[in-house]
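Novice: Structure for this input, please:
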Amino acid sequence: MRRFVAGDKSPKADVAGSATVSPYCACAGGDDRARRAHISRPVAVIDLCQDPTAPAMPDWRSEPTDDRSRPGHRNDAEEAMQMPPKNLLAHFAVRDHVDRLLNVAAPLARRLDARIDGLHVVPPVQIYAGAGLSVPSAVYKSQEELLDAEADAIETAFVSRCKSDCLEHSWRPLTADAGPAMQKAVAAGRLADLVLATQYDPENPAAGYFPEDLVLGCGRPVIMVPYAGTFGDIGSRILIAWNGGREAARAVFDALVLFKPDAAIEVLTAENGAHGGVAAITAPEALAEALARHGFETAITHSRVGELTVGEDILSRAADFSADLIVMGGYGHTRLRETVFGGATRTILETMTVPTVMSH
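Specialist: Numbering: from 1, shown residues only. Presented below is the predicted three-dimensional model:
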């Protein structure tokens, strides 16, 4: 295991300790190219021949105009990339998972000074009758009433909890009509900074709920909360499952805003022999160096998978590390209406034991 910390890049004091060495100090030694580079920095130039009535040339160093007009100043889009999430979308599938999801979302919203938008999509009634059989309209009506009652219960529980916790919030009720419920959930997720959802619960299944669709479809980082266990504030102990891929990179840098300043971070690389290691340019050491520039100390663990699968190894290491958050890429694609996931992604989605950030 290796640790990486941010290097000391502050100016170095001289022997006497009373002065600092300038990055241009080579100019004093006689290097003509360095001297020219030093004096070629922008300076104020006075043109004695200039018409005094002509408009003055702009002085970017002192002109008290809007900083956004300065050359090289970051534009609004670049500044937005550095801003923490302000819109959290919490997708609720069943009433019993409202508190479970808000136990994670509430402290996160406070830390980020963000609003939580609650979402539930009422699925269409689906009743499968045998060939040649018709379903009485009363049966459809009864099912619609049950689905509407569940939606009302979810909204009531969400609003009550948010008011109790003094959280800025809003409620977004949607109806799937005749299409899949997750289509509208995915569309809503695309307008959020961060999406939160619960793992599919086989003991309390929700009609038409497929949380993996959020990972693959909304284009936003998704925090998946297990349906079993007790969870709260996250971001203190973070396990990054790293393979150097695009999805993993997206997940790590999407999740940076979730890391607490003093977070303990471990980068785990798991090799199963068939795929070998990652390329040197995206090696875990390179990732640790990048995180060090953000001020995070990072440990690296290389795990060669034996009897365990990659997904099982990630969960095992998360338990050993006492991680409160796993960060990993969501690997998969949709083919002929069937979602096909990578092995590790499928394992985590089905058997996760820790809240997990996934990006695709």
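
Novice: just checking, what packs against the host helix or strand of Ala185?
Specialist: Assigned by DSSP states H and E, Ala185 falls within helix 181-189. Identification of packing neighbours for helix 181-189 by 3 or more Cβ pairs under 8 Å, 6 or more residues apart in numbering; DSSP states H and E yields strand 87-91, strand 115-122, strand 169-175, helix 212-217. Backbone N, C-alpha and C define where each C-beta goes, glycine included.

Novice: sec struct for Met358, please.
Specialist: strand (DSSP: H, G, I helix; E, B strand; the rest coil).

Novice: still on that earlier bit, identify the residues contacting the helix holding Ala185?
Specialist: 89, 91, 119, 121-124, 172, 174, 176, 195, 207-210, 213-214, 217-220, 222 (Cβ atoms under 8 Å, 6 or more residues apart in numbering).

Novice: Any chance of JSON lines for the helices and strands packed on helix 181-189, columns mean pLDDT, mean neighbour count and distance to Ala323?
Specialist: JSON lines is the format used below for the helices and strands packed on helix 181-189 (pLDDT from 0 to 100; neighbours: other Cβ atoms under 10 Å; distance: least, Cβ to Cβ, whole Å):
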{"stretch": "strand 87-91", "mean pLDDT": "97", "mean neighbour count": "25", "distance to Ala323": "21"}
{"stretch": "strand 115-122", "mean pLDDT": "96", "mean neighbour count": "23", "distance to Ala323": "24"}
{"stretch": "strand 169-175", "mean pLDDT": "93", "mean neighbour count": "16", "distance to Ala323": "28"}
{"stretch": "helix 212-217", "mean pLDDT": "90", "mean neighbour count": "24", "distance to Ala323": "19"}
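
Novice: Throw these into JSON lines and include distance to Ala105, thanks.
Specialist: Shown next, in JSON lines, are the helices and strands packed on helix 181-189 (distance: least, Cβ to Cβ, whole Å):
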{"stretch": "strand 87-91", "distance to Ala105": "5"}
{"stretch": "strand 115-122", "distance to Ala105": "6"}
{"stretch": "strand 169-175", "distance to Ala105": "10"}
{"stretch": "helix 212-217", "distance to Ala105": "15"}
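
Novice: wait, which of those is closest to Ala263?
Specialist: Within the helices and strands packed on helix 181-189, the stretch nearest Ala263 is strand 87-91; the backing value is 19.4 Å (Cβ to Cβ).

Novice: Tell me which residues are up against the closest one.
Specialist: So strand 87-91 is contacted by 101-102, 105, 108-109, 112, 114-120, 158, 185, 188-189, 191-197, 211, 214 (Cβ under 8 Å, 6+ apart).

Novice: Give the other helices and strands that the next helix or strand after that strand contacts.
Specialist: Counting by DSSP H and E, the next helix or strand C-terminal to strand 87-91 is helix 98-112. The contact analysis (3+ Cβ pairs under 8 Å, 6+ apart) places helix 98-112 against strand 87-91, strand 115-122, helix 137-164, strand 194-198, strand 222-225.

Novice: For these, which has the smallest mean pLDDT value?
Specialist: Here the lowest mean pLDDT among the helices and strands packed on helix 98-112 goes to helix 137-164, at a mean of 92.

Novice: Quick check: buried residues in it?
Specialist: 143, 147, 150-151, 154-155, 157-158, 161-162 (16 or more other Cβ atoms under 10 Å).

Novice: circling back: possible to save the helices and strands packed on helix 98-112 as JSON lines with distance to His97?
Specialist: Listed next are the helices and strands packed on helix 98-112 as JSON lines, based on distance: least, Cβ to Cβ, whole Å:
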{"stretch": "strand 87-91", "distance to His97": "10"}
{"stretch": "strand 115-122", "distance to His97": "11"}
{"stretch": "helix 137-164", "distance to His97": "9"}
{"stretch": "strand 194-198", "distance to His97": "5"}
{"stretch": "strand 222-225", "distance to His97": "8"}
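
Novice: These: which one's closest to Thr345?
Specialist: strand 222-225 (10.7 Å).

Novice: Can I get stretch 165-178 in PDB, CA atoms only?
Specialist: Only the C-alpha atoms of stretch 165-178 are listed here, as PDB (Å, rounded to 0.1, in the frame of the first residue of the first chain):
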ATOM      1  CA  ASP A 165     -35.200  18.600   9.100                       C
ATOM      2  CA  CYS A 166     -35.600  22.200   7.900                       C
ATOM      3  CA  LEU A 167     -34.500  21.200   4.400                       C
ATOM      4  CA  GLU A 168     -35.200  23.200   1.300                       C
ATOM      5  CA  HIS A 169     -37.200  20.900  -0.900                       C
ATOM      6  CA  SER A 170     -39.800  20.400  -3.600                       C
ATOM      7  CA  TRP A 171     -42.000  17.600  -4.800                       C
ATOM      8  CA  ARG A 172     -42.300  16.400  -8.400                       C
ATOM      9  CA  PRO A 173     -45.100  14.000  -9.000                       C
ATOM     10  CA  LEU A 174     -45.100  12.300 -12.400                       C
ATOM     11  CA  THR A 175     -47.300   9.800 -14.100                       C
ATOM     12  CA  ALA A 176     -45.900   7.300 -16.600                       C
ATOM     13  CA  ASP A 177     -49.100   7.000 -18.500                       C
ATOM     14  CA  ALA A 178     -48.700   4.200 -21.000                       C
END
